[in-house]
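*Asks:* sequence? don't have it. structure:
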């Protein structure tokens, strides 16, 4: 079965611009979460959605936002890009969320470079 | 706040050796623990999931154990191969999110 698909794979943006990243979870998975990975900070949680509802949010500024659609696909948006937003953005999907103890599967990520 | 630590940060071993990667976490109230592998510039590949009620899981040459009371997990890799070279990440799930360790970078020398 198809895995988690993230698009685009690579992006180069200029400071001050905004960007939208997309994540299509594995069919049937209703939980989608987003992570930022940088060499200095490692993997940091951005937010998690389950059935179109944001259930948890990490410690990121309001410039980072997301949403989930009825087909479980999710998008995250970063406005007013800063150089420090350059990172690998990873999306994970799973069948259930809290307490479900189900396996999470990650996409290949979107590499965002802000210049 | 949950904190996850992985030791060692880097490991280099000759092919064929058995090895152990360590993961520790500060809050034992977890739903599950998952081990991942990451190749350079790529996403995360799930290796093993251990539910909070389980003590260990095995898949092929991999065996992971979980001791919630002491806040520890180990990933045992038997008969290592050059293709095992990657970064291994431990993640504990709680509150609808994963808390990740900083990883162990493994190099298996042919």
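*Replies:* Structure received. Worth saying up front: this structure is predicted, and the values here are computed from it rather than measured.
*Asks:* Can you give me every residue that contacts residue A:93?
*Replies:* Taking C-beta atoms under 8 Å, 6 or more residues apart in numbering or on different chains, we find residue A:93 in contact with A:4, A:23, A:25-26, A:29, A:31-33, A:72, A:104-105. The way it works is simple: take the backbone N, C-alpha and C, and place the C-beta from them, glycine included.
*Asks:* can you do 7 Å?
*Replies:* A:4, A:25-26, A:29, A:31-32, A:105 (C-beta atoms under 7 Å, 6 or more residues apart in numbering or on different chains).
*Asks:* The nearest residue to it once chain neighbours are set aside and chain B, how far apart?
*Replies:* Once flanking residues are discounted, residue A:93 sits nearest to residue A:25: 3.2 Å by C-beta to C-beta, 6 or more residues apart in numbering or on different chains. Distance, residue A:25 to chain B, using C-beta to the nearest C-beta, to the nearest Å: 13 Å.
*Asks:* Per-residue confidence, residue A:25, what does it come out as?
*Replies:* Turning to residue A:25, the model gives it a pLDDT of 96.
*Asks:* Hmm, it is touching residue A:48, no?
*Replies:* No. With contacts counted by C-beta atoms under 7 Å, residue A:25 stays clear of residue A:48, the gap being 11.8 Å.
*Asks:* okay, now residue A:104: neighbour count?
*Replies:* Other residues near residue A:104 come to 22 when the count uses other C-beta atoms under 10 Å in any protein chain shown.
*Asks:* Next up, the contacts around it.
*Replies:* Residue A:104 neighbours (C-beta under 7 Å, 6+ apart): A:92, A:94, B:34, B:46, B:98.
*Asks:* Okay, and the third one sits in which element?
*Replies:* So the one you mean is residue B:34. Taking DSSP states H and E as the definition, one finds residue B:34 inside strand B:32-38.
*Asks:* in its sheet, what does that strand sit against?
*Replies:* strand B:44-51 (antiparallel), strand B:86-94 (antiparallel) (DSSP bridges).
*Asks:* circling back: may I ask which two of the contacts of residue A:93 are separated the most?
*Replies:* Greatest spacing in the contacts of residue A:93, by C-beta to C-beta: A:4 and A:31 (11.5 Å).
*Asks:* Go through the contacts of residue A:93 and say which is closest to chain B.
*Replies:* Nearest to chain B among those: residue A:105, at 6.0 Å, using C-beta to the nearest C-beta.
*Asks:* Now do the same for that closest one: its pLDDT.
*Replies:* What the model reports as pLDDT for residue A:105 is 94.
*Asks:* From what I see, it and residue B:46 are in contact.
*Replies:* Yes. If you go by C-beta under 7 Å, residue A:105 and residue B:46 touch, sitting 6.0 Å apart.
*Asks:* Compare these two (neighbour count), which wins?
*Replies:* residue A:105 (20 against 16).
*Asks:* How about the contacts made by the residue positioned nearest the centre of chain A?
*Replies:* The residue lying closest to the centre of chain A (C-alpha atoms, centre = their mean) is residue A:34, at 3.0 Å. With contact taken as C-beta under 7 Å, 6+ apart, residue A:34 is in contact with A:46-47, A:66, A:76, A:89, A:91.
*Asks:* Now it: which helix or strand?
*Replies:* Under the assignment here (DSSP H and E), residue A:34 is part of strand A:31-38.
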